[in-house]
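Asks: Sequence isn't available, so here's the structure alone:
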Ligand SMILES: CCCCC/C=C\C/C=C\C/C=C\CCCCC(=O)SCCNC(=O)CCNC(=O)[C@H](O)C(C)(C)COP(=O)(O)OP(=O)(O)OC[C@H]1O[C@@H](n2cnc3c(N)ncnc32)[C@H](O)[C@@H]1OP(=O)(O)O
Ligand SMILES: Cc1cc2nc3c(=O)[nH]c(=O)nc-3n(C[C@H](O)[C@H](O)[C@H](O)COP(=O)(O)OP(=O)(O)OC[C@H]3O[C@@H](n4cnc5c(N)ncnc54)[C@H](O)[C@@H]3O)c2cc1C
């Protein structure tokens, strides 16, 4: 049963909900990993809806940037007071969720505090450092951010310019931004809100540069909030979206911090200027891997937001006719609309399932690393690099299709889809620009193929074992596992093609760097296919583990949409394997799958359990009463406060009057 049905709803939406074949709360339990977690989300939404001071003071699209920042800060402060009664304070998921619910997706002063400030202290700080700062940060006595990217350098961390030079005589590090390009640029919450930051700077001891290391740096006075002497800090200005966040710039001029402020769990500088290396050269990058490991689920949810809006709206929007000329048809009944939206629903589910898996893998890696075992770091770095790139890109595509699927109203901020799009596609850039990260995964794939070439296939990890197989024929009695083999064929042949291109260029005498560059488009293609294969296989495994038979049946239908769509989408890579008859068969299976999933479309998006408050969309309202609320929304626009605006009295009216003469 669909748990969203309520009296007074738009009858078209109720009809959709009645046609659903499964219980949406049970599906939510599968999406969020357990009945308890899904139920906690419902309880938190319900509790928040009863607290007047946590409601939006006006719709976000009607707020200026200053109002957004003020509103985010107002709500953050109230939340800090109320949180103990509302959520499990030890749960990162609940903390992120309640901020999302109350403040929304446009950013807020604590967005980075939870995800990029506290975790490095907790994982890279010594026990004493944690004792000193962790409690203060968790109680929000201080607000932090993560300052790594610079005006001149973001992707290439080796070229960062900020320096932290050890001064033995005073036992301090002296921070400097030697050039304009060395200004820190982009960190969220840095501009106006944070008073502390993790700063990534080149560690210099005895004139030797040991590369980027993390430092705890106080930026502003804890009483006055004024920048401390030696610090230049401010906001970088409005962005494409995410304007409730104050992304900032930061410069240092001979700014001194105590030796104890370098995070020293892994690398250390001793009082006499000795440097102790970390157990793995890239351990300082693990904060980024943590965020990347969470991005598939986060992005899947962004896509889920847009699809909830587009699918609900498509069920109440009537336009044109099919057979019955007496009543216009729901646009959701058009095959083109289904083809536009349903594969994205499948992807959103797939990304979320994959996302929870990578979070689990990261948590395991963290335990291993704390126990001194860093052997899994390369695997997870490669996996999360590819996954963040593919998922953010496909999420952006899916959200944009969802917008267009809403016709003209999709273009209005009342749909809120453009904000979701703007925030989500930031993910193509932050935490590693997508091409750069795909090329990181490509290094791993090339190395794996070199192992096969050197007769060491048995040393390959499970995620790349398929690179050594030799599939040349597929039995098209197609079940999910046969589709997986088709995808493996595509990913394998592209990985070999790209590697061989790179090797050929090398053998022709080209430098490693030039050869890599000339093969890089092929290499990124290999990374995408490898990642899409991983997403598909995780989806198949996940569906296989579902126990509730009604839920399993719908998920198999959704999986069929996914695997047929994905194989059609990579048709060019499987031409050597599949005949045109086989491709036609798959194409037809896709069209059948779209029809099969149609009665459950609304229930599938309802199962994401995104409340109206969180959705902030007139088009996506749970009750489907869109038209009357669109009219209300338009009337409440500040431009309509007055009938005659100054723009008219001051300019247009005089122009028209003059023209009359
Ligand atoms: C609806 C719900 C939503 C809720 C969500 C709420 C909010 C979300 C909304 C908004 C988001 C808000 C905030 C966004 C925060 C964003 C924060 C940031 O962006 S922080 C800055 C991030 N910056 C980057 O990611 C920089 C990218 N660059 C790099 O990581 C590195 O420079 C590099 C590209 C990896 C290259 O590094 P380097 O030059 O040092 O190394 P190489 O020579 O290329 O490689 C050497 C070797 O090391 C391996 N390696 C690299 N990194 C790692 C690692 N992390 N772990 C393990 N190994 C690593 C690499 O693979 C090489 O190995 P080998 O091939 O064997 O030599
Ligand atoms: C919304 C948002 C929030 C952010 N928050 C933070 C934050 O909190 N803290 C922080 O420190 N940073 C933050 N950033 C910065 C972000 O991490 C960087 O912008 C990102 O890592 C990309 O680096 P860049 O801007 O230097 O891009 P560039 O590297 O300049 O990329 C420009 C182009 O060059 C290409 N390119 C670069 N290197 C290579 C290569 N080796 N091979 C092939 N192509 C290449 C890229 O693919 C891209 O097309 C944020 C950014 C955004 C958009």
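Replies: Now that the structure is in, tell me what you want to look at. Because the structure is predicted, anything quoted here is derived from the model rather than measured. Ligands and ions are numbered 1, 2, ... in the order given.
Asks: Quick check, the residue in this protein closest to ligand 2?
Replies: residue 154 (2.4 Å; C-beta to the nearest ligand atom). Bear in mind the C-beta positions are built from the backbone N, C-alpha and C, glycine included.
Asks: Look at that residue and report its pLDDT.
Replies: Looking at residue 154, its pLDDT is 97.
Asks: for the one 5 residues further on, same thing?
Replies: We have a pLDDT of 97 for residue 159.
Asks: Check residue 276 too.
Replies: Residue 276 is given a pLDDT of 96.
Asks: got it, and the one 3 residues further on?
Replies: Note on residue 279: pLDDT of 90.
Asks: again with residue 240
Replies: 97.
Asks: That one touches residue 422, doesn't it?
Replies: Yes - contact criterion C-beta atoms under 8 Å: residue 240 and residue 422 qualify, at 4.9 Å.
Asks: Could you check which of the two has the larger neighbour count?
Replies: Using other C-beta atoms under 10 Å as the criterion, residue 240 and residue 422 rank with residue 422 on top: 18 against 12.
Asks: Now the more buried one: closest residue in space, sequence neighbours ignored.
Replies: Sequence neighbours aside, residue 241 is the residue nearest to residue 422 in space, at 2.4 Å (criterion: C-beta to C-beta, 6 or more residues apart in numbering).
Asks: Kindly report the same for residue 610.
Replies: In space, residue 610 is closest to residue 308, 5.3 Å off (C-beta to C-beta, 6+ apart).
Asks: And that neighbour, how far from residue 315?
Replies: 11 Å (C-beta to C-beta, to the nearest Å).
Asks: Next: residue 229.
Replies: Taking C-beta to C-beta, one finds residue 229 at 60 Å from residue 315.
Asks: between those two, who's got more neighbours?
Replies: residue 315 (23 against 9).
Asks: The more buried one is in contact with residue 602, isn't it?
Replies: Yes - assessed by C-beta under 8 Å, residue 315 is found in contact with residue 602 at 5.5 Å.
Asks: got any residues that touch both of these two?
Replies: 13, 16 (C-beta atoms under 8 Å, 6 or more residues apart in numbering).
Asks: and the residue nearest to residue 610, what are its phi and psi?
Replies: Phi and psi for residue 308, reported as degrees, to the nearest 10, are phi -60, psi -40.
Asks: close to ligand 1, is stretch 589-606?
Replies: No - counting by C-beta under 6 Å from any ligand atom, no contacts exist between stretch 589-606 and ligand 1, the nearest distance being 13.9 Å.
Asks: how far out from the middle of the chain is that stretch?
Replies: Here stretch 589-606 shows a centroid-to-chain-centroid distance of 25 Å under the convention C-alpha atoms, centre = their mean, to the nearest Å.
Asks: how about it: buried residues?
Replies: In terms of neighbour count (16 or more other C-beta atoms under 10 Å), stretch 589-606 has its buried residues at 589-590, 593-594, 596-598, 600-606.
Asks: again with stretch 340-347
Replies: 340-347.
Asks: how far does that stretch sit from the chain's center?
Replies: With C-alpha atoms, centre = their mean, you get 17 Å for stretch 340-347.
Asks: Up against ligand 1, what does this structure have?
Replies: Close to ligand 1, as judged by C-beta under 6 Å from any ligand atom, the chain has residues 96, 100, 111-112, 116, 146, 148-149, 154-158, 188, 282, 285, 288-289, 298, 301-302, 377-378, 381, 423, 426, 430-432, 436, 440, 443.
Asks: okay but residue 157 is in contact with residue 202, surely?
Replies: No - applying C-beta under 8 Å, one finds residue 157 not in contact with residue 202, separated by 9.9 Å.
Asks: so residue 164, which of the three states?
Replies: Following DSSP: H, G, I helix; E, B strand; the rest coil, residue 164 is assigned to strand.
Asks: ok, which stretches of the stretch 501-650 of the chain are strands?
Replies: Counting by DSSP state E, counting those that start in this stretch, the stretch 501-650 of the chain has no strands to list.
Asks: just to revisit the earlier point, what about the residues of the chain next to ligand 1, which are in helices?
Replies: 96, 100, 111-112, 288-289, 298, 301-302, 377-378, 381, 423, 436, 440, 443 (DSSP state H).
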